[in-house]
Structures are given as structure tokens and as C-alpha cells.
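Participant: what shape does this take:
(chains A and B)
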Amino acid sequence: MSKRVGVEVSIAVADAVALARAEVIPAYPITPQTHIVEHLSEIVANGHLDAEFIPVESEHAAMSCACGSSAAGARTFTATSSQGLSLMSEILYHPGPMRLPIVMVVANRALAAPISIWNDHQDIMVQRDIGWIQTFAENGQEAVDLLLHAFRVAEDRRVALPFIVNIDGFTLSHVIEPIIMPDQEEVDRYIPPFKPHYKLDPRKPVSMGPVGIPEVYTEERMAHNEALKASKRVILQGWKEFAEIFGRQYNPVEVYRTEDAETLLVTMGSISETAMTAVDEMRNAGKKVGLVRIRLWRPFPGPEFRKAIGKAKTLAVIDRCLPPGAVCGPVGAELRSLLYRVPGAPKIFSFVAGLGGRDVTVDRFKEIVDKAELYAKKRPVELYEVIGVREK
Amino acid sequence: MKEVRLHGRGGQGGVTSAELVATAAIAEGRYAQAFPSFGPERRGAPVAAFVRVSDKQIRTREKVYHPDIVLVLDASLPGIVKVSDGLKDGGIVILNSSLCEDDIRKQFGLTAKLAVVDANTIAQEVLGIPITNTTMLGALLKATGIVGLDAISDALDKRFGKLAEKNKAALRRAYEETVIYG
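Facilitator: Next up is the predicted model:
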């Protein structure tokens, strides 16, 4: 039977990796991902999980090693954060087109400079185009559930793609909260053994990841893109099966009190819970406000998002990332592209909030909604704005 | 929902106290969050940890700005840290101190409701070390009833194994000796 426990989210994530029966875990510790891999090394050392835990010399090596072990047919997991994810960067582009279903948790953290160990989404937004499936968790329960879903989907032979589950560093990773931990039998039913199309095997030699000459490179990149887009069907099926076994339903885009809403907050990750409380308070004050939360970031669920926003007039999109010199934040830019020239599309205002561990409070969400509604009336040009900047 | 801020010094187990309260509340079938003040912490430096306990699902990830309850593990902290910062009207400060009420109010400028116990003496006598994190939980339970004694005892058993008995004894003694000043 599954069991409701009070547990640190990082520990629950590590336990979920064990429930998923990961076979190879190459990892390098970095704050705030550390507790995940520390606990995994204990689980393996204690003999509770029959896996190779490889304490590699860097994140570059961690991802290289993950590619090797996944290519050899082993269920492979790793986790990182921030500068560690950046150090993986060269290798991160390989497993997508090579169709290696590595599963990784990124405990999201800011990037230097200045050095910051605290939460935002700049680390993962830099890696937006690595060609992995990507989801964002709202709370500890979701972190566990999305991780199991990641193993189920990534290794599906119709998908065969790497998968990142994003969990906010500290604000999720270091919080103790109630989580229903599934039991082994349920997880075994949900995640079948890993059977890759091809694997590195001296008895049946294959080449993986060779040079793509100009005559094939475009086709290879296109094939990967098509596979990533097509994975949505299996992602949805994976959530449907998850609901059947575990009783919790997940969707690519979630809505909260969007009925008759004129203004919608758009969020990703753990700030969404605080945003719900802000929506409740604004609704109580008579404002027609709702929340749309993006859970599936890649492949981007365009039709689901368009359906979620209904007939709202204004979107207040919150980015946890400030891309220097850009038109606006990455989520804002994505939605503007999606809705450009769509008849009746809402006005989109992009806000950057919660950088480097700056708290995004209920009052900040109210300020964002007030500003979006004011700009919808007054400001002819849609720009973006950084929220909560101290000027003294 | 009740919000608690714990003040301690790095290495005194404040984060563990927060964890014990949260896991006890969750074991009672309720909802809770516990978290440290995020970031690097140094042994001996003043640190804080936070707990939320609620009968309903907790839908906030804000930091705790306006606690209902402040729990101070270290007797030297009220002179250094403004422990009553942001305390809600009607909130309570729970102190480890051997001083009397008048001296505490005068020395630290505290006007809120107080609960006081000499946890250093209890911890020294029962545990043999002046680490007060589990002892002060007795004062917290007595002053607020935020979780039940049974639930916290179970949480101590799970966390400390065979060391739990002594910690439970220190907690119970603090529960009995805590004095509340309105």
C-alpha cells in the first residue's frame, strides 16, 4: 500500500528513483541538488537498490557517463543544478537525437554572476533547446509523481527520449511536507523493464552518435524534433495510466478558478501554490482572476494552453528568468509566439519575478495582476517588467 | 494555520526540531511544512527554521514573515537577534531561560505573551549535553498544543532510535516545568 509520510522532498525524490529501479546513477553533488544524490548513494551502499552509483569527477562526466550507460541499455538517472547543469551543456544535446532515455532531476537554481545558490529558472531556461522532454513540479507530491512518469514515458519505445523533471531548489528540494509514497508493486506495474530498440553490445555491434554529414544532418535534427513533438501522446497516456494506478490525475496545463476570468496569471513550478492563494484573495475581493499553470514545458502543449486560457482578455505571465537583451522572458516569448495573430487572443504582459531566491509573495501576485490590468488599458506597447526591484 | 519560527545556533538542531514538529503533525493526518532558512549555515551562528501546521492543505511557499509562535532554543539569542520580529498580535515567544519574567521583559524588551523554561539545566541533567532542541519541544507543546505528545514521541522514536528515550524524558520534563506569562 502507498503511505502518506512527512519527508523532505529531496529524500522522497531519491526514494522514488529507487522505486523506479534505476540501474546506473552517475552524479556529482551541487547545492541544492545534494540531498538527492547523497541519499541515493546511501540507498545503493545499504544494498536497498541494486544499482551502480558512480561518483564522477564533474557534471560533464556525469552526463557523459549517463549517455554511455543508457546506450548500454541501463536505466539511468542523474540530478544537478545551476552551474552543474551548465557544465553538462556540451553533452546535454547528445541524448535527444541519440534517443537515450536518461531521466534527470534539476533542482532549479540561479546562475552566476553574482554567485547564487538560490532558486529561479535561469539554469534550465539556458538549456531550453537541448531536446529533452521537460516538466515542472508544483510540490513534493508532484516531484515524486512526475519522476515516476518520466521513467515510464522516456523509455517507452515510441518515445526513447531523455526527460528532465524540474523541481525548485530549496523552496521544494529542502522542504519537509506530506507526500504519498507509492509502494513497489504499484510502481513495478507502472514502469515496465527497460527494453531499448538498440544497445551497445559487442555481440551485436552498432554505431551511435556518428558524424552527421550535410546530407543527413537536417533529416536527423528533424527526426528528433518530430519525435519530441510526437511524444506528447505518450506523455498524456502516461498520466492517464498514472491516474488509474495511483489515483492522481495530471495534465500538461492546469487551471485554477479560470471560469469567467478576465485576467490570468501564468506560472510554472512551486510559486503556483502561492499564486492560488493570491487568486483566492483577489476573487474574494471581486476580481475576475484565475491561474494557468504550465506543467509540460517541452514539447510545448499549444492546444491545451489555448483551451486553458478560454476567453481571458489579459495574461500576466511570470518568468523566473531574465534573459539579458531579449524582448521578454522565455515563457512570455513562447506564449506571444503561440498566440500571435490568433483571433481574440489576450494581451500578454511579461513579468520577471523571483530571481535568485527572491520570495514571490501573495502581495507580489496581486501587484502583478494590478499592473497587467492597468497596462491592458493604458500601455500601447507590450514590454516586460522586473517585479520587486529595490530602488533604495 | 499556525506558523512557527525557530531561532537557534548552527549545529543545535533547530532544523531537526522543525522537522520533528512537521512529521508529527503529518502523522496526525494533518498538513505541515518545515524548512530551514535556505542557504549556507555555520556552526554557532544564529540560524532560523520554520514550520507551518494546518488542518487544511497548505497553499503557500512564502517565507514565514508573521509567525504565531517563536521558539528560541538558545538562551543567548534574545540579546542578539530580535526574536519577536513580525510576531502576530496575540502571538507567543517561547524562551529557554533561567531568568524571571521581569528580567526577561526588561533585558530583551519583550512585550508579547511568554513561555519560559530553563532548558539548559534540563538538557544538561537529562541528556548530559546542553543541546536543547528536543527539550524545547516540550515547552512548545505545553504553550501551544501545536501537536500532540504521542505524535511527537513517535517522531522522536523514528528520528533517534535508541537515543529517543532520553530525549523524550527531557521533552516531558520541559513540558511540566514550562511557565506561561500572559
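Participant: tell me which helix or strand the residue most central in space within chain B sits in.
Facilitator: By C-alpha atoms, centre = their mean, chain B has its centre lying nearest to residue B:71, at 3.8 Å. Here residue B:71 sits within strand B:69-72, counting by DSSP states H and E.
Participant: run through who's touching that strand.
Facilitator: The contact list for strand B:69-72 (C-beta atoms under 8 Å, 6 or more residues apart in numbering or on different chains) reads B:2-8, B:17, B:78, B:83-84, B:87, B:91-96, B:136, B:139-140, B:143-144, B:146. Using the backbone N, CA and C atoms, a C-beta is placed for each residue, glycine as well.
Participant: got the buried residues for it?
Facilitator: B:69-72 (16 or more other C-beta atoms under 10 Å in any protein chain shown).
Participant: stretch A:317-336 now?
Facilitator: Result for stretch A:317-336 [16+ other C-beta under 10 Å]: buried residues A:317-323, A:328-336.
Participant: ok so, going back, so how far is the strand holding residue B:71 from its chain's centroid?
Facilitator: From the chain centre to the centre of strand B:69-72 is a distance of 5 Å (C-alpha atoms, centre = their mean, to the nearest Å).
Participant: state the next helix or strand along the chain beyond it.
Facilitator: That would be, after strand B:69-72 and using DSSP H and E, strand B:92-96.
Participant: bridged to the residue nearest to the centre of chain B, which residues?
Facilitator: Beta-bridge partners for residue B:71, by DSSP bridges, are residue B:6, residue B:94.
Participant: for residue B:123, give its distance to residue B:166.
Facilitator: Distance of residue B:123 to residue B:166, given as C-beta to C-beta, to the nearest Å: 10 Å.
Participant: quick one: which of those two has more around it?
Facilitator: Between residue B:123 and residue B:166, counted using other C-beta atoms under 10 Å in any protein chain shown, the more crowded position is residue B:123 (25 against 16).
Participant: for the more buried one, give me its contacts.
Facilitator: Counted by C-beta under 8 Å, 6+ apart, residue B:123 has contacts B:129-132, B:135, B:170.
Participant: 10 Å - rerun?
Facilitator: Going by C-beta atoms under 10 Å, 6 or more residues apart in numbering or on different chains, residue B:123 touches B:73, B:96, B:129-136, B:166-167, B:170, B:173-174.
Participant: confidence score at the residue of the stretch 1-150 of chain A found nearest chain B?
Facilitator: Residue of the stretch 1-150 of chain A nearest chain B, by C-beta to the nearest C-beta: residue A:6 (3.4 Å). What the model reports as pLDDT for residue A:6 is 98.
Participant: was I right to think it contacts residue A:177?
Facilitator: Yes. The criterion here is C-beta atoms under 10 Å, and residue A:6 meets it with residue A:177 at 7.0 Å.
Participant: so what's residue 52 closest to, chain neighbours aside?
Facilitator: Picking chain A for this. Leaving aside its sequence neighbours, residue A:52 sits nearest to residue A:24 (C-beta to C-beta, 6 or more residues apart in numbering or on different chains; 4.8 Å).
Participant: actually it's chain B I care about, not the one you picked
Facilitator: residue B:33 (4.6 Å).
Participant: and the stretch 51-200 of chain A, which residues reach chain B?
Facilitator: Residues of the stretch 51-200 of chain A lying close to chain B by C-beta under 10 Å from any C-beta of the partner chain are A:116-119, A:138-140, A:168-179.
Participant: helices - which of those residues land there?
Facilitator: residue A:140 (DSSP state H).
Participant: returning to what we had before: nearest to residue A:279, of the buried residues of stretch A:317-336?
Facilitator: residue A:318 (12.9 Å; C-beta to C-beta).
Participant: which helices and strands does the helix or strand harbouring residue A:278 pack with?
Facilitator: Assigned by DSSP H and E, residue A:278 belongs to helix A:271-284. The contact analysis (3 or more C-beta pairs under 10 Å, 6 or more residues apart in numbering or on different chains; DSSP states H and E) places helix A:271-284 against strand A:253-256, strand A:263-267, strand A:289-294, strand A:314-319, helix A:362-378.
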